[in-house]
Each structure stands twice: as C-alpha cells, then as structure tokens.
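Asks: After the sequence you'll find the predicted model.
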Amino acid sequence: MQKSKHIYEAQVLKRVWPYIKGLVLDVGANIGTFAIPVSRITRVVAFEPQQKMADHLRFNIIKNKSTAQIQQKAV
C-alpha cells in the first residue's frame, strides 16, 4: 500500500478495531489506509470523490487484494 504521511488512521484503526461489525462506510477514503485493513474483517464501501485519490485507492485495493468497494462520489 502506498504510505500516508500521517499515522492518524493507524491510531483510529487500533481503537475501533474491536468494535467493527457489519457494513463500514469510509467517507473520504483517500488511498485506503483505513478501508483496506478493515475490509479484511467486514464489508467496506469507500467513498472518494477526487479522481487522483480514487485512482490511488483502486490501485491499492487491487494490490492488496481487498474486497472494499469504491464509490467515486462525495457524501
């Protein structure tokens, strides 16, 4: 996965991981730092409206064999 400059997502993921169940909506998914790991345990729909970021997200989903679905829309 392409690396993010920030570790915020990792901190959030560590805290919410035990509570993740059912469908997860990642609004503003960026490159998938949150969506891709979460898709290993549940269904994820990742929303990313910006073309460049959505392209990176698609690449990362394929590279990581993620099941996350992309919606290139603003929410």
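Replies: Looks like it arrived, so ask away.
Asks: which residues are in contact with the helix or strand of the chain at the bottom of the mean pLDDT ranking?
Replies: The least trusted helix or strand in the chain, going by mean pLDDT, DSSP states H and E, turns out to be helix 8-16, with a mean of 83. Under the contact criterion Cβ atoms under 8 Å, 6 or more residues apart in numbering, helix 8-16 has outside partners Thr33, Phe34, Pro37, Val38. Backbone N, C-alpha and C define where each C-beta goes, glycine included.
Asks: Recalculate using a threshold of 10 Å.
Replies: Taking contacts as Cβ atoms under 10 Å, 6 or more residues apart in numbering, the residues outside helix 8-16 that touch it are 4, 7, 20, 24, 26, 30-35, 37-38.
Asks: Among these, name the ones in helices.
Replies: Filtering the contacts of helix 8-16 for membership in helices, criterion DSSP state H, returns Ala35, Pro37, Val38.
Asks: can I get these in JSON lines with neighbour count and distance to Val16?
Replies: Compiled in JSON lines, the ones in helices among the contacts of helix 8-16 are given as follows (neighbours: other Cβ atoms under 10 Å; distance: Cβ to Cβ, whole Å):
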{"residue": "Ala35", "neighbour count": "27", "distance to Val16": "13"}
{"residue": "Pro37", "neighbour count": "19", "distance to Val16": "11"}
{"residue": "Val38", "neighbour count": "20", "distance to Val16": "9"}
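Asks: Sounds good, over and out.
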